[in-house]
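A.B. asks: Okay, sequence plus prediction incoming.
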Amino acid sequence: MSDTILTALRAALGDAQVLTGADAEPWSRDWSGQYRWTPLCVARPVSTQEVSAVMRIAHETATPVVPVGGNTGLAGGTSGEGAIMLSLARMNRIREIRPQARIAVVEAGVVLSTLHDAAAAQDLLFPLTFGARGSTMVGGFLSTNAGGSNVLRYGNTRDLVLGIEAVLADGRVMDLMGALHKDNSGLNLKHLLIGAEGTLAVITGAVLKLVPRPRAYATAMVAVGGLDAALSLLNALQAATGGAVEAFEYMPRGYLEAWGAHFPDRRPPFDTAYEVSVLVEVGAIAARDAEPGPDGTAPVMDHLEDVLNAFAARGEVLDAIVAQTESQRAEMWTRREAAGEVSLSSPFAVNNDIAVPLDKVAVFLERMDARLSQLDPAARPVVVSHLGDGNVHYAVWASGRDMMAPVMEAVEDEVLALGGSFSAEHGIGLTKLPSMARRKDKVALAAMQAIKTALDPKGILNPGKVYPE
């Protein structure tokens, strides 16, 4: 049967675009190295019509298909033993950018940084950003409803999408590529497919929102007296800047120490090791906030410094460094964007990606400190957080493999007790399947499975992910 499938795929795509054996090795593991598999092959279509042809072959032969973009996920969502790995990398055209409508029409294989550059050329911004922007692709970040650092101002991926094009499990093409901000014609199917991790359809294209590009940034590393002071600072900055805070990233002492050990040649943000540090960035769009004054400083910088000085006078800001150049700003962001590499550098890393209400972040961290001290006293939390939206990347370096599952369950306990979610932006994949089985509402799970069965009756699209048995 496998020879028959490969022959059909080669006829549809060309021999050079169906990879097997050693040629398929780059698609045989995930970014973290935690998951490895042997696919049947890697199919590399160049158009929606070719994706449709692959899906028709897979549907007729009941062959599993795993869509893959930049393969930068952290939850094992692209594991594909014996599957057709459907690489969208060749579908990398930006079909058009329409500045007046502020939209980009793109294919699923467009790399996020490429989209950033194309939007910037029109003095616009696609505001989704995170550390893997140089490799992650449109289809991937739509399929996981990625968040990133700018959710505070612009929302998650789902908030940035006007339309999508997708190929169903049987090869039919669903065209939802409208550029409408309002459309009440039935169910919102694009929102159903965004975040489904390739289990309901293969996303092949999208209409994405663009926004005005900030004319100036004010960026700072700030040491504060605690998380309550940090949230007060965030609220004050939002009021002072008219909601222009783009990022508010929490990096406690434990993370910065782990970062320093991982990158010993790089300097820490402060000479003193503070318990609570925050990377804050404000983006100025209006000329009145961005045009430099007589002293050469943009008003947005003055707004930031005025608020920081007021908090320092009250003892709530302990130290602050405001970036004066683009290289200083980049250095600050480098510390934050290394979080994935740092957090997973332990062989016993428990990679939690949770969300709680903003005013419960400190409560969650306090409760987990107490739980860990009893459960696994040798464990070490390595924490960073998109503090402005309550998303905490709570990695734990457990003392051994036998402690990883108990630590995961302890995190779930505390998160759900605070009305949170055990998956904020990384998705479910394989890693969070046990959490779904233990914690997700059973009626919700049944509804999800019913939708999966309706759209993919043979269960060939990214099987074994998202929906627990």
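C.D. replies: Looks like it came in fine.
A.B. asks: what separates residue 64 from residue 129, distance-wise?
C.D. replies: As judged by CB to CB, to the nearest Å, residue 64 and residue 129 stand 32 Å apart. Every residue, glycine included, has its C-beta placed from N, CA and C.
A.B. asks: Show me what the residue lying closest to residue 380 once chain neighbours are set aside is bridged to.
C.D. replies: Using CB to CB, 6 or more residues apart in numbering and skipping the chain neighbours, the partner closest in space to residue 380 is residue 397 (4.4 Å). Beta-bridge pairing for residue 397 (DSSP bridges): residue 349, residue 380.
A.B. asks: my guess is residue 397 contacts residue 344, does it?
C.D. replies: No. Using CB atoms under 8 Å, residue 397 is not in contact with residue 344, being 9.7 Å away.
A.B. asks: When those two are compared, which one has more neighbours?
C.D. replies: More crowded of residue 397 and residue 344, by other CB atoms under 10 Å: residue 397, with 21 against 18.
A.B. asks: check which helix or strand covers the most centrally placed residue in the chain.
C.D. replies: Centroid check for the chain by CA atoms, centre = their mean gives residue 146 as the closest residue, at 3.4 Å. Assigning secondary structure by DSSP states H and E places residue 146 outside every helix and strand.
A.B. asks: Now do the contacts for it.
C.D. replies: With contact taken as CB atoms under 8 Å, 6 or more residues apart in numbering, residue 146 is in contact with 128, 130, 136, 140, 156, 157, 425.
A.B. asks: list the contacts for the closest residue in space to the fifth one that isn't next to it in sequence?
C.D. replies: If I follow you right, that is residue 156. Distance criterion CB to CB, 6+ apart; nearest residue to residue 156, sequence neighbours excluded, is residue 147 at 5.2 Å. Counting by CB under 8 Å, 6+ apart, residue 147 touches 130, 156, 157, 386, 389, 391, 424, 425.
A.B. asks: Residue 19 too?
C.D. replies: 27, 41, 42, 44.
A.B. asks: In contact with the residue nearest to residue 380, which residues?
C.D. replies: Applying CB under 8 Å, 6+ apart, we find residue 397 in contact with 346, 348, 349, 350, 379, 380, 381, 382.
A.B. asks: Make sure the fourth one is actually in contact with residue 406.
C.D. replies: No. At 9.4 Å, residue 350 does not count as touching residue 406 under the criterion of CB under 8 Å.
A.B. asks: what about those two, which has more around it?
C.D. replies: In terms of neighbours (other CB under 10 Å), residue 350 is the more surrounded of residue 350 and residue 406; the figures are 24 against 15.
A.B. asks: Beyond the helix or strand hosting residue 289, next helix or strand please.
C.D. replies: Using DSSP H and E, residue 289 falls within helix 287-290. Using DSSP H and E, the helix or strand that follows helix 287-290 towards the C-terminus is helix 299-313.
A.B. asks: check contacts around residue 457.
C.D. replies: Residue 457 neighbours (CB under 8 Å, 6+ apart): residue 169.
A.B. asks: now do 10 Å
C.D. replies: 59, 169, 170 (CB atoms under 10 Å, 6 or more residues apart in numbering).
A.B. asks: same question, residue 181
C.D. replies: Counting by CB under 10 Å, 6+ apart, residue 181 touches 101, 103, 162, 209.
A.B. asks: 8 Å - rerun?
C.D. replies: Here residue 181 is in contact with residue 162 (criterion: CB under 8 Å, 6+ apart).
A.B. asks: Show the residue spans covered by the helices in the stretch 251-400 of the chain.
C.D. replies: Under the criterion DSSP state H, counting those that start in this stretch, the stretch 251-400 of the chain contains helices at 253-262, 287-290, 299-313, 326-337, 339-343, 361-375.
A.B. asks: So for residue 110, which of those helices sits nearest?
C.D. replies: Closest to residue 110 of the helices of the stretch 251-400 of the chain, according to CB to CB: helix 326-337, at 20.4 Å.
A.B. asks: Run the chain-centre distance for the closest one.
C.D. replies: On the basis of CA atoms, centre = their mean, to the nearest Å, helix 326-337 sits 19 Å off its chain's mean C-alpha point.
A.B. asks: just checking, what packs against it?
C.D. replies: Here helix 326-337 touches strand 216-224, strand 245-252, strand 276-284, going by 3 or more CB pairs under 8 Å, 6 or more residues apart in numbering; DSSP states H and E.
A.B. asks: Return the last one as CSV; C-alpha atoms alone will do.
C.D. replies: What follows is the C-alpha trace of strand 276-284 in CSV, where atoms were taken according to Å, rounded to 0.1, in the frame of the first residue of the first chain:
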residue,chain,number,x,y,z
VAL,A,276,11.2,40.9,40.0
SER,A,277,12.1,42.4,36.6
VAL,A,278,9.9,43.5,33.8
LEU,A,279,10.6,44.3,30.1
VAL,A,280,8.2,47.0,29.1
GLU,A,281,7.7,48.4,25.6
VAL,A,282,5.4,51.3,24.5
GLY,A,283,4.8,51.9,20.8
ALA,A,284,4.0,55.4,19.6
